[in-house]
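> no sequence on this one, just coordinates:
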């Protein structure tokens with residue numbers, strides 16, 4: 001399992017990587033491993049607002065459909081359109097090519113509510 005230390009983790013297995021005022025969001029390596037082969041990712045629309053800890057979409061595998069929880073609050077500024085044709089990117093590259101949304105963060109203090117790599121691994 002891969003748990004990069006440069007990102008923060010939500011307890012519901014999404015991650016957040018701050019890039020200026022934008023937060024890139026995806027699912028953790030642990031989550032993709034538990035799901036198995038991802039078949040579909042339901043994402044919000046660009047311009048939608050997401051709120052920390054609330055569901056912003058879902059991810060479907062052969063085993064289960066799981067809710068996706070926003071690690072931060074803000075406006076969706078980009079979705080990963082590549083996932084529409086290649087949802088398996090969330091399995092193959094959960095922290096790079098398999099990102100799900102980008103959010104213009106409202107309050108960077110919300111990042112303090114997330115887990116670092118070590119805390120996330122301990123929570124598993």
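Nice, thanks for sending it over. Computed from a prediction, not measured in an experiment: that's the story for all the values here. Numbers count the residues shown, from 1 in each chain.

> for the residue nearest the centre of the chain, which three-state class applies?
Nearest to the mean C-alpha position of the chain, counting by CA atoms, centre = their mean, stands residue 26 at 2.3 Å. Assigned state for residue 26: strand (three-state reduction, DSSP: H, G, I helix; E, B strand; the rest coil).

> what's in contact with the helix or strand that contains residue 121?
Per DSSP states H and E: residue 121 is located in helix 117-123. Here helix 117-123 makes contact (CB atoms under 8 Å, 6 or more residues apart in numbering) with 3-5, 7, 9, 11, 28, 115. Backbone N, C-alpha and C define where each C-beta goes, glycine included.

> nearest to residue 22, of the residues you listed?
residue 7 (13.3 Å; CB to CB).

> which residues touch the residue nearest to the centre of the chain?
14-15, 90, 94-95, 98-100.

> so which of these wins on neighbours?
Within the contacts of residue 26, most neighbours by other CB atoms under 10 Å means residue 15, with 27 neighbours.

> just give the nearest non-adjacent residue to the residue nearest to the centre of the chain, would you?
Nearest non-adjacent residue to residue 26, counting by CB to CB, 6 or more residues apart in numbering: residue 99, 4.3 Å away.

> please spell out the ChimeraX selection for the buried subset of the contacts of helix 117-123.
In ChimeraX syntax, the buried subset of the contacts of helix 117-123 is picked out as below (16 or more other CB atoms under 10 Å):
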select :3,7,9,28,115
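
> among the contacts of helix 117-123, which are located in strands?
Of the positions in those, residue 9 sit in strands, assigned by DSSP state E.

> quick check, nearest of the contacts of helix 117-123 to residue 74?
residue 7 (16.3 Å).

> separation between that closest one and residue 118?
12 Å (CB to CB, to the nearest Å).
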